[in-house]
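Trainee: predicted structure and sequence below. I'll ask about it afterward.
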Amino acid sequence: MQLLEFRLKPAVQPLTNAWQQLPVAPRGSTRLGITFRPLQASAFGLDVHSTLQALLAYPFQIIRLGAYWNQIESGPGAFEPDELDWQVEAAERAGKHIILCLGPLKTFGYPEFFVPGHRLVQPFQEHRLVRPSEYPLLLKAATEFIVRLVERYKEHESILAWQLEHEAVDPLGVEHSWRLQAAFVEQEARALRQADPTRPLMMNGFLPTSLPVRISQWWRTKDQGDSLAVAQRLADMVGIDYYPRHALLPFGSRTLYLDGSQSPSHQARRKQLLAWAVAHHKKLLIAEGQAEPWEAVTVPTNPHNQAMYSCLPEHILGNYNACLGWFGEQVPLFAYLFWGAEYWMLRKQSLDSSYLQAFERILENS
């Protein structure tokens, strides 16, 4: 195990001007964008509508939106997509292209599992695969939900791609060990393609940046492969989720982190993805480029006039520069979507605009 990937650091760090000094990698043909998480905005105490409107004013090209099944179908027979309608229309008015995550079981943003209670009376069994043969009614409901959403939005020219599930076959972090069987996702993908054969299907997966995480992910998914492997089999576009720094355990005023920003642990997997994309003429994108802290809490901390070690403002540029450096003319990066836009708005509200200004620097200078 590479002990150099571990860091025991004060969680709260001083703010500096380092983000103003870093160079900005030219993006070439790469499109820039963000993911919008209305639930996270609400958790921060932000107004969802005004937050989205403020973000849409920035000159990026793509926004990723999510359909949250338990909100749209709050009870038997319900179908209430008004809030998603508003988000799609707001993005269109701002001239953005949209990647729409249809879920249905897993959608980005905590807790990442949004099945309506009436669709799953009993929780999934831990340490088990969710198989189509054991949950036929859930699969039927999930595919019907997918088709209904596609039928509702497929005439919108702004829709660039459909995302199916979120890190489809990985476990839900350390909270749950159940996983979707690849066969479950395959049937969802088939229904989606039949509903709209014209747009690409995007799926995403977590790229382990440290050896401990890589070993853990391999062990937990070795029976059918992780979400990136399944995305390579099923999707037209593969999204990479890149988080080089995250907290493990707090120890008083210090926290134990894994920092894979300089680690070679992910290089082999990354090179395999690039080679696969060339051979199969597929598109790769950074679906989630870390741009907010990942601490040992669900909602990132917002310290006054300070910042969190796992993602300082300068890391927004550093992570972007690192990912742009992986790609070239042979394998262009289709898009880079920053993860954490709601946090930037929270920081701005708290009189620290450095996270947002780091993003602005990239938009202006790339």
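Mentor: Sure thing, it's come through. Not measured: the values here are computed from a predicted model.
Trainee: tell me the buried residues in stretch 17-31?
Mentor: When burial is assessed from 16 or more other Cβ atoms under 10 Å, stretch 17-31 yields the following buried residues: 19, 22, 24-25, 27, 30-31. C-beta coordinates here come from the backbone N, C-alpha and C atoms, glycine included.
Trainee: residue 315 sits in which helix or strand?
Mentor: helix 313-324 (DSSP states H and E).
Trainee: name the nearest residue to residue 258, ignoring sequence neighbours.
Mentor: Counting by Cβ to Cβ, 6 or more residues apart in numbering, the nearest residue to residue 258 once its immediate chain neighbours are dropped is residue 210, at 4.6 Å.
Trainee: I'd say that neighbour and residue 261 touch.
Mentor: No: counting by Cβ atoms under 8 Å, no contact exists between residue 210 and residue 261, whose distance comes to 9.4 Å.
Trainee: who's more crowded, the two?
Mentor: Just comparing residue 210 and residue 261: by other Cβ atoms under 10 Å the higher neighbour count belongs to residue 210, 25 against 17.
Trainee: tell me the phi and psi of that one?
Mentor: The phi/psi pair for residue 210 (degrees, to the nearest 10) reads phi -130, psi 150.
Trainee: counting by contacts, list what the helix holding residue 315 packs against.
Mentor: The criterion is 3 or more Cβ pairs under 8 Å, 6 or more residues apart in numbering; DSSP states H and E, and the helices and strands that helix 313-324 contacts are helix 18-21, strand 237-242, strand 283-290, strand 333-339, helix 354-365.
Trainee: how far off centre is the first one?
Mentor: Going by Cα atoms, centre = their mean, to the nearest Å, the spacing between the C-alpha centre of helix 18-21 and its chain's C-alpha centre is 26 Å.
Trainee: immediately after it, which helix or strand?
Mentor: In the C-terminal direction from helix 18-21 (assignment by DSSP H and E), the next one is strand 31-35.
Trainee: mind listing what's buried along the helix holding residue 315?
Mentor: For helix 313-324, the neighbour count (16+ other Cβ under 10 Å) marks 313-320, 322-324 as buried.
Trainee: which helix runs longest in the chain?
Mentor: Within the chain, and with DSSP state H defining each element, the longest helix by residue count is helix 136-153.
Trainee: what is the next helix or strand after that helix packed up against?
Mentor: Using DSSP H and E, the next helix or strand after helix 136-153 towards the C-terminus is strand 159-163. Here strand 159-163 touches strand 97-101, strand 201-206, going by 3+ Cβ pairs under 8 Å, 6+ apart.
Trainee: any chance of those strands in a markdown table, plus mean pLDDT, distance to residue 286 and mean neighbour count?
Mentor: Below are the helices and strands packed on strand 159-163 laid out as a markdown table (pLDDT from 0 to 100; distance: least, Cβ to Cβ, whole Å; neighbours: other Cβ atoms under 10 Å):
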| stretch | mean pLDDT | distance to residue 286 | mean neighbour count |
| --- | --- | --- | --- |
| strand 97-101 | 98 | 12 | 24 |
| strand 201-206 | 98 | 10 | 25 |
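Trainee: show residues contacting the strand or helix carrying residue 279.
Mentor: If you go by DSSP H and E, residue 279 is part of helix 267-280. Defining contact as Cβ atoms under 8 Å, 6 or more residues apart in numbering, one finds that helix 267-280 is touched by 207-208, 214, 228, 232, 238, 240, 282-284, 326-327, 330-331.
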